[in-house]
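Colleague: show me how the following folds:
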Amino acid sequence: MRRALVAVSLSLLAVPLQAQVPNPEAAYKAAGAAATRPRATIAYGSSALQVADLRLPKGQGPFPVAVVVHGGCFMSSVDKRTSIAAFADALTARGFATWNIEYRRVGDPGGGWPGSFEDVAAAVDKLANIAPRYKLDLTRVTMVGHSAGAYFALWASSRSRIGSPWRSTKVRPVSVIAIDGPGALAPFIGVDAEVCGRPVIVPLMGGTPARRPAEYHIASPQDHQPLGIKQLMVEGELKDLMEPYIASAKAGGDPVLILAPSQANHFDIVTPATKNGQAVLEFIAAHALPSPANDDGRGQPTFSP
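Modeller: Okay, the predicted model is just below:
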């Protein structure tokens, strides 16, 4: 596992040694920079970072909604919503209205606990205000997150299982897609320094699990199984970190579908032009919403394109 995590760390942080070797992270961000303009950028709070980009598919609606949450090791310096914009664009082309959210993170004023969590919750809740104007179908909402965003997508999907004020929302997702990210924070402590180049979980939470057990419990989707919705898991270079969460989700009785793309890189799975990116997009399009023809919602198949 340590060798795999060091490889992820290099993929996340390093410049390739040879110019002719493609840098998957650079390709992912370049694709995001070339994405179409959103239909609207809408504030859900007063901070400049409390905004989300809305893209709408062709047609009259009502449209299903994919809430897209970017990653970045929980740090403000690593990633932002414009990087994952091409992936949101590609989901929009497949019929989803996409709500690509920005949020405060470690390094931003107000980021960390509870601000980052408040932002993700408020961004999801904002859909209830804009749904009538943009013809969004809030009975068909899916959460889609990559890396640290996968964690936040799972956490947002667990809100109905935790106490006030977190559980108060008019938006209830029907599924969640976690793309190569953890489902709990405490087990990531120690590993985070290898993957991200520095410790991030203790700074995110404002202390260790021993000092802040209640906060870590609220913040751990793995502690709130079953979520009561379909869970789609995309395994990449952080597969080892995902396995305990997947086992917990299956044990809780939720429908769990797993996609394990061949030779997956942490970034190519969210880059639409790659084979693995295409596989992830098709996986979401086929299984995120209720009653697809090839999934009865009860099985737990594994897909390996």
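
Colleague: and stretch 70-82, C-alpha only, in PDB?
Modeller: Presented in PDB, the C-alpha positions along stretch 70-82 are these (Å, rounded to 0.1, in the frame of the first residue of the first chain):
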ATOM      1  CA  HIS A  70     -13.700  18.700  -7.000                       C
ATOM      2  CA  GLY A  71     -10.900  17.400  -4.900                       C
ATOM      3  CA  GLY A  72      -7.500  18.800  -4.000                       C
ATOM      4  CA  CYS A  73      -6.300  17.200  -0.800                       C
ATOM      5  CA  PHE A  74      -8.700  19.400   1.200                       C
ATOM      6  CA  MET A  75      -6.300  22.300   0.500                       C
ATOM      7  CA  SER A  76      -7.000  25.600  -1.300                       C
ATOM      8  CA  SER A  77      -3.700  25.500  -3.200                       C
ATOM      9  CA  VAL A  78      -4.200  22.200  -5.100                       C
ATOM     10  CA  ASP A  79      -7.400  22.200  -7.100                       C
ATOM     11  CA  LYS A  80     -10.600  24.200  -7.900                       C
ATOM     12  CA  ARG A  81     -13.900  23.800  -9.700                       C
ATOM     13  CA  THR A  82     -12.500  25.000 -13.100                       C
END
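
Colleague: name the spans of the stretch 201-305 of the chain whose pLDDT lies under the cut-off.
Modeller: Within the stretch 201-305 of the chain, the set of residues satisfying pLDDT under 70 comprises 291-305.

Colleague: where exactly do the helices run in it?
Modeller: For the stretch 201-305 of the chain, the helices defined by DSSP state H, counting those that start in this stretch occupy 201-205, 213-218, 239-252, 275-287.

Colleague: Ile284 contacts Ile177, doesn't it?
Modeller: Yes: if you go by Cβ atoms under 8 Å, Ile284 and Ile177 touch, sitting 5.6 Å apart. Glycine gets a C-beta too; all of them are placed from N, C-alpha and C.

Colleague: longest strand of this protein?
Modeller: strand 136-146 (DSSP state E).

Colleague: what's the first helix or strand after that one?
Modeller: Following strand 136-146 in sequence order, the next helix or strand is helix 148-157 (DSSP states H and E).

Colleague: just the strands in the stretch 1-150 of the chain please.
Modeller: Counting by DSSP state E, counting those that start in this stretch, the stretch 1-150 of the chain has strands at residues 40-43, 51-55, 63-69, 97-101, 136-146.

Colleague: who are the packing partners of the third one?
Modeller: In terms of contacts (3 or more Cβ pairs under 8 Å, 6 or more residues apart in numbering; DSSP states H and E), strand 63-69 is packed against helix 85-93, strand 97-101, helix 115-134, strand 136-146, helix 148-157.

Colleague: what does the shortest one rub up against?
Modeller: Just to be clear, that refers to strand 97-101. Applying Cβ atoms under 8 Å, 6 or more residues apart in numbering, the external contacts of strand 97-101 come out as 38, 44, 51-57, 61, 63-70, 81, 84-85, 88-89, 91-92, 119-120, 123-124, 127, 134, 136.

Colleague: also the third one?
Modeller: For helix 115-134, the surrounding residues in contact (Cβ under 8 Å, 6+ apart) are 39-40, 42, 44-45, 49-50, 52, 54, 56, 61, 63, 65, 67, 69, 74, 97, 99, 101, 103-106, 108, 136-138, 141, 143, 152, 155-156, 159, 166, 169-171, 204, 219.
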